[in-house]
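J.: take this sequence and fold it.
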Amino acid sequence: MKSTTKRILAVAAVLGLGTVAAFAATGKTCGAWSGRHEMRMAMRNTWQLEAAPGQRDPQRLADALKLKPEQQASWQAYVATLASPGGDHGAAAAPGSAASTAPERLEGALADAQQREQRAHARLEAMKALYAQLSPEQRKVFDDAKATPFRSRHVHDGSDRS
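T.: The predicted structure is shown next:
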């Protein structure tokens, strides 16, 4: 009886490995993950296209605000803070390098977080300077355009979680 059970388990293992190998060879996925990446990318692209003015493109927000010449300097300062830093993330210790230890990687992550915080503070100061120069109508447009950039887009049940 024991040898029969062992043979059945061995055959099942071989068949299971054969199935996995067949899927790996074709490059396809199976089950619930099939097509999920493509679906998420399509949803992301749709969300970007339907974004409010200025949420993805500062020029659209500038057009919607109808900025006056005296507001241009603060607008340019604000837009400069939106640019991607393009810096050297994790310069203290590259995550994949053989020389980096766990404490070095954590120090690098902490340094990156501090840089992100500094950029956020600079962005806030530039936003406050611009906002102070906007008329009430322009502030309404700006507020509407910047209403949701920090909210999670991962609400699945349709409820409003603030």
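J.: next SSE after the helix or strand bottoming out on mean pLDDT in the chain?
T.: One helix or strand of the chain scores below all others by mean pLDDT, DSSP states H and E: helix 36-49, with a mean of 58. As assigned by DSSP states H and E, the chain's next helix or strand after helix 36-49 is helix 58-65.
J.: mind listing what's buried along the following helix or strand past that following helix?
T.: Downstream of helix 58-65, the next assigned helix or strand under DSSP H and E is helix 72-82. Buried positions in helix 72-82, judged by neighbour count with 16 or more other C-beta atoms under 10 Å: 74-75, 78, 81. (C-beta placed from N, C-alpha, C; glycine too.)
J.: ok, stretch 103-110 next?
T.: 104-105, 108.
J.: just curious, which of the residues you listed is nearest to Y131?
T.: The shortest gap between Y131 and any of the buried residues of stretch 103-110 belongs to G108, at 34.3 Å (C-beta to C-beta).
J.: look up how far E117 lies from that closest one.
T.: Distance, G108 to E117, using C-beta to C-beta, to the nearest Å: 15 Å.
J.: which one is L134 nearest to, not counting chain neighbours?
T.: F142 (6.1 Å; C-beta to C-beta, 6 or more residues apart in numbering).
J.: can you give me the neighbour number for that neighbour?
T.: 19 (other C-beta atoms under 10 Å).
J.: does it touch A132 like I think?
T.: No - using C-beta atoms under 8 Å, F142 makes no contact with A132, being 11.6 Å away.
J.: about what we covered before: contact partners for the residue nearest to L134?
T.: 54, 61, 65, 131, 134 (C-beta atoms under 8 Å, 6 or more residues apart in numbering).
J.: so where does it fall, helix or strand?
T.: Going by DSSP H and E, F142 is part of helix 136-145.
J.: average pLDDT for that helix?
T.: Confidence for helix 136-145, expressed as mean pLDDT, is 91.
J.: kindly format the C-alpha coordinates of it as PDB.
T.: What follows is helix 136-145, C-alpha atoms only, in PDB (Å, rounded to 0.1, in the frame of the first residue of the first chain):
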ATOM      1  CA  PRO A 136     -10.500  83.400  -6.100                       C
ATOM      2  CA  GLU A 137     -11.600  82.000  -9.500                       C
ATOM      3  CA  GLN A 138      -8.100  80.800 -10.200                       C
ATOM      4  CA  ARG A 139      -7.900  79.200  -6.800                       C
ATOM      5  CA  LYS A 140     -11.100  77.300  -7.400                       C
ATOM      6  CA  VAL A 141      -9.600  75.900 -10.700                       C
ATOM      7  CA  PHE A 142      -6.300  75.100  -8.900                       C
ATOM      8  CA  ASP A 143      -8.100  73.400  -6.000                       C
ATOM      9  CA  ASP A 144     -10.200  71.300  -8.400                       C
ATOM     10  CA  ALA A 145      -7.200  70.200 -10.400                       C
END
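J.: sweet, I'm off.
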